[in-house]
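Q: show me the folded form of this:
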Amino acid sequence: MKHSILAAAAVAIAVAAFGMSTPAAAQDRYCLQGRIWGYPGNCQFASYAQCMASASGTNAYCGINPRYAYARRWRGYR
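A: All right, here's what the predicted structure looks like:
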């Protein structure tokens with residue numbers, strides 16, 4: 001009984017840690033932009049295809065999120 005509770009807790013922790021491992025910047029790489037959206041626009045798209053599907057049939061386009069494009073990259077130790 002004690003081992004099964006410990007195993008269930010370990011699985012729950014592993015699942016929670018895996019779910020939190022994706023960085024936030026990967027979630028919002030593309031922004032839906034246009035007259036009604038402004039700049040930077042609706043930046044909730046992880047892929048260009050998702051953004052273009054939302055822009056389909058509207059007077060909008062997709063651009064890269066400026067927060068993602070101009071973010072400082074970790075270059076390691078010097």
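
Q: so what touches the lengthiest strand in the chain?
A: Determined from DSSP state E, the single longest strand within the chain is strand 38-45. By CB atoms under 8 Å, 6 or more residues apart in numbering, the surrounding residues in contact with strand 38-45 are 27-34, 51, 54, 60, 62-63, 65-67. For the C-beta atoms, the positions are set from N, CA and C on the backbone; glycine is no exception.

Q: same question, stretch 59-68
A: Taking CB under 8 Å, 6+ apart as the rule, stretch 59-68 contacts 25, 28-37, 40-41, 43, 45, 48, 51-52, 54-55.

Q: repeat the analysis, applying 6 Å as the threshold.
A: For stretch 59-68, contacts defined as CB atoms under 6 Å, 6 or more residues apart in numbering pick out 25, 28-34, 40, 43, 51-52, 55.

Q: before we move on, the earlier item: quick check: next helix or strand after the longest strand of the chain?
A: helix 48-55 (DSSP states H and E).

Q: tell me the buried residues in that following helix?
A: 51, 54-55 (16 or more other CB atoms under 10 Å).

Q: for stretch 28-42, same thing?
A: 28-34, 37, 40-42.

Q: stretch 61-69 too?
A: If you call a residue buried by 16+ other CB under 10 Å, then stretch 61-69 has these buried ones: 62-65, 68.

Q: nearest to residue 73 among the contacts of stretch 59-68?
A: For the contacts of stretch 59-68, the closest approach to residue 73 (CB to CB) belongs to residue 25, at 10.5 Å.

Q: can you tell me, leaving aside adjacent residues, what's nearest to residue 33?
A: residue 41 (3.8 Å; CB to CB, 6 or more residues apart in numbering).

Q: what pLDDT does the model give that neighbour?
A: At residue 41, the model reports a pLDDT of 91.
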